[in-house]
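Novice: Sequence first, predicted model second:
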Amino acid sequence: MALEPSDPLERAARALRDEERAQEPRWLELSESIMTRVRGISWPAARVLATDPEGRTDRDVLGSRTYVSSRVVRDALRRALTTSQVEPKDIDLRVVDDHLQRLDLQLVATYAQDLQEVGSWARGETLRVLDEQLGPLPDLDPDTDVSITITDLHDDDARLGDTD
């Protein structure tokens with residue numbers, strides 16, 4: 001019985017070799033998919049302080065606090081912002097002393113969309129997810145601390161990319 005390799009890069013290389021044996025190599029398509037997955041696995045995590053519904057960080061008289069991993073927040077944002085016409089390319093959470101200070105979001109969208117509407121929708125979804133995951137963040141200004149940038153456009157029939 002063979003054991004599966006535990007190293008993500010080794011598993012990706014094995015998958016690529018198996019794929020090459022099965023059909024012609026599609027290296028460019030596969031390399032981007034593999035690198036996206038490797039980056040997702042090795043992305044560093046930071047703890048982010050969550051608040052209660054009133055925006056307080058202390059949960060009780062003893063000073064108990066709740067923290068959420070930045071990976072959890074990033075994954076929730078990726079799921080909420082991925083549609084057939086839009087998907088996140090990069091989600092950068094800047095956390096200083098356990099507080100979310102800034103969020104930079106880069107999106108890929110399809111042609112023939114009103115990009116202002118896409119940006120407004122993405123901002124609304126982003127703020128909804130942040131509130132859902134972390135509670136109200138009184139120190140985070142949605143107008144200056146949340147940056148939404150559309151970095152690429154694709155045809156309607158083109159697959160936007162792999163988000164795993």
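Specialist: Nice, thanks for sending it over.
Novice: low pLDDT regions in this protein?
Specialist: Applying pLDDT under 70 to the chain picks out residues 1-6, 19-28, 39-43, 156-164.
Novice: Which residue ranges of it form helices?
Specialist: In the chain, the helices defined using DSSP state H lie at 8-22, 27-42, 70-81, 115-134.
Novice: closest one to Glu54 among the ones you listed?
Specialist: Nearest of the helices of the chain to Glu54, taken as Cβ to Cβ: helix 115-134 at 12.8 Å. (Glycine included, C-beta is placed from N, CA and C.)
Novice: ok, residues contacting that closest one?
Specialist: 48-51, 68, 72-73, 76-77, 80-81, 85-86, 100, 103, 105, 107, 109, 137, 140, 142, 146, 148, 150 (Cβ atoms under 8 Å, 6 or more residues apart in numbering).
Novice: Let's see that with 6 Å instead.
Specialist: Around helix 115-134, the neighbours that count as contacts under Cβ atoms under 6 Å, 6 or more residues apart in numbering are Ala50, Val68, Val73, Ala76, Leu77, Ala80, Leu81, Val86, Ala109, Pro142, Ile148, Ile150.
Novice: now that helix and helix 70-81, what's the angle there?
Specialist: Angle, helix 115-134 to helix 70-81, by axes from the mean of the first three to the mean of the last three Cα atoms, to 10 degrees: 140 degrees.
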